[in-house]
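Peer 1: just to be clear, the model below is a prediction. Sequence and coordinates:
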Amino acid sequence: MLGCVAIVLVVFLLAPGTIAQKTHAALHGLCAQRPSHSFRFGLETLPLDARMTGIYLGAAATIAWLSALRRLQASASLPLPVVVTLGAFVGVMALDGFNGLLLDLGLPHPYAPSNLARVVTGILSGISLGAGVCYLFAISVWSRGDHRQPMVSRPAELLPPIAGAALLAALAMTGLPILYGPFAVGLLLAAVAVFWVLALVLIALVSGRGWSFGAFEQLTPLAVIAIFTAVVMILVLGQMRYLAEQQFGLPKLT
């Protein structure tokens with residue numbers, strides 16, 4: 001399976017165009033890509049704005065952390081404090097987004113929006129997204145999941161992925177040009193990872209193979225298909241946005 005990821009990455013890197021051009025095109029359907037809302041590295045901005053950067057960093061960090069904890073088979077209901085915490089993370093991002101909307105509408109707003117607030121609230125929401133897709137995976141594919149172990153036992157278990165995503169965000173905020181390539185490609189891989197988990201669940205359920213797997217090794221054929229499905233989904237969304245911009249003459253966001 002890692003070989004498939006490597007093949008996709010090599011094809012992407014060898015394709016014509018710069019890293020900035022290719023990552024912006026690939027992720028065009030996932031983000032508004034407003035330069036004023038994005039982290040800048042020299043002359044280039046990341047292909048995802050600050051909020052979406054935070055979301056995908058948080059989601060990827062959570063998926064990696066839960067994988068390291070071997071919790072991807074844990075299917076017990078999440079404790080109420082964890083559910084409330086994850087919900088609050090999404091709520092904080094929604095409030096920050098609403099604050100920015102008030103500014104765009106020329107209405108009074110509690111505080112001045114900033115990329116720092118966008119990436120922080122994005123990370124928190126991404127933690128919820130990562131935990132959510134992992135939980136969906138756990139309750140959808142296994143024939144005998146671990147019904148005694150919740151995927152996240154207590155809110156404190158969310159601190160490591162928060163810290164990891166925050167560290168990466170801090171590096172992104174330095175704007176060092178040498179970091180642009182790793183961050184741009186890393187964000188693309190993070191988006192593919194999230195879509196990959198969702199595609200795997202969807203393919204398992206649609207093909208009638210949900211709740212039928214007993215080990216990760218049995219998932220390999222489906223996982224390979226899901227990787228390519230995730231890539232296609234992301235590319236199709238990007239092309240749909242390009243088409244909409246051409247057809248309706250949508251203004252370029254600043």
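Peer 2: Now that the structure is in, tell me what you want to look at.
Peer 1: can you list the buried residues in the least confident helix or strand in the chain by mean pLDDT?
Peer 2: Least confident element among the helices and strands of the chain, by mean pLDDT, DSSP states H and E: helix 2-14 (a mean of 79). Across helix 2-14, burial judged by 16 or more other Cβ atoms under 10 Å covers 4-5, 8, 12. No exception for glycine: its C-beta is placed from N, CA and C like everyone else's.
Peer 1: again, but for stretch 25-35
Peer 2: 25-31, 33.
Peer 1: out of those residues, who's nearest residue 211?
Peer 2: residue 30 (29.7 Å; Cβ to Cβ).
Peer 1: next, the contact list for the closest one, please.
Peer 2: 48, 52, 191, 234, 237-238 (Cβ atoms under 8 Å, 6 or more residues apart in numbering).
Peer 1: part of a helix, is it?
Peer 2: No - counting by DSSP: H, G, I helix; E, B strand; the rest coil, residue 30 is not part of a helix but coil.
Peer 1: and residue 131, how many neighbours does it have?
Peer 2: Residue 131: 28 surrounding residues under other Cβ atoms under 10 Å.
Peer 1: quick one, phi/psi of it?
Peer 2: phi -60, psi -40 (degrees, to the nearest 10).
Peer 1: distance check, it against residue 150.
Peer 2: Relative to residue 150, residue 131 is positioned 10 Å away (Cβ to Cβ, to the nearest Å).
Peer 1: joint contacts of these two?
Peer 2: With Cβ under 8 Å, 6+ apart as the test, residue 131 and residue 150 both reach residue 78.
Peer 1: taking the mean pLDDT, what do you get for stretch 222-242?
Peer 2: Averaged over stretch 222-242, pLDDT sits at 94.
Peer 1: which one of the contacts of residue 30 is nearest to residue 174?
Peer 2: Within the contacts of residue 30, proximity to residue 174 (Cβ to Cβ) peaks at residue 48, which comes in at 16.9 Å.
Peer 1: still on that earlier bit, what sits up against the next helix or strand after the least confident helix or strand of the chain?
Peer 2: Sequence order places helix 19-26 as the next helix or strand after helix 2-14, per DSSP states H and E. Identification of contacts with helix 19-26 by Cβ under 8 Å, 6+ apart yields 12-13, 15, 17, 33, 44, 47, 180-181, 184-185, 187-188, 234-235, 238.
Peer 1: if we can go back for a sec, which elements pack onto the least confident helix or strand of the chain?
Peer 2: Applying 3 or more Cβ pairs under 8 Å, 6 or more residues apart in numbering; DSSP states H and E, we find helix 2-14 packed against helix 19-26, helix 180-206, helix 220-248.
Peer 1: now name the helix or strand holding the spatially closest residue to residue 110 that is not a sequence neighbour.
Peer 2: The shortest distance from residue 110 to any residue other than its chain neighbours is 5.9 Å, reached at residue 99 (Cβ to Cβ, 6 or more residues apart in numbering). Assigned by DSSP H and E, residue 99 belongs to helix 80-104.
Peer 1: can you list contacts of that helix?
Peer 2: Residues from elsewhere that reach helix 80-104 (Cβ under 8 Å, 6+ apart): 51, 55, 78, 108-113, 117-118, 121-122, 124-125, 127-128, 131-132, 150, 152-155, 158.
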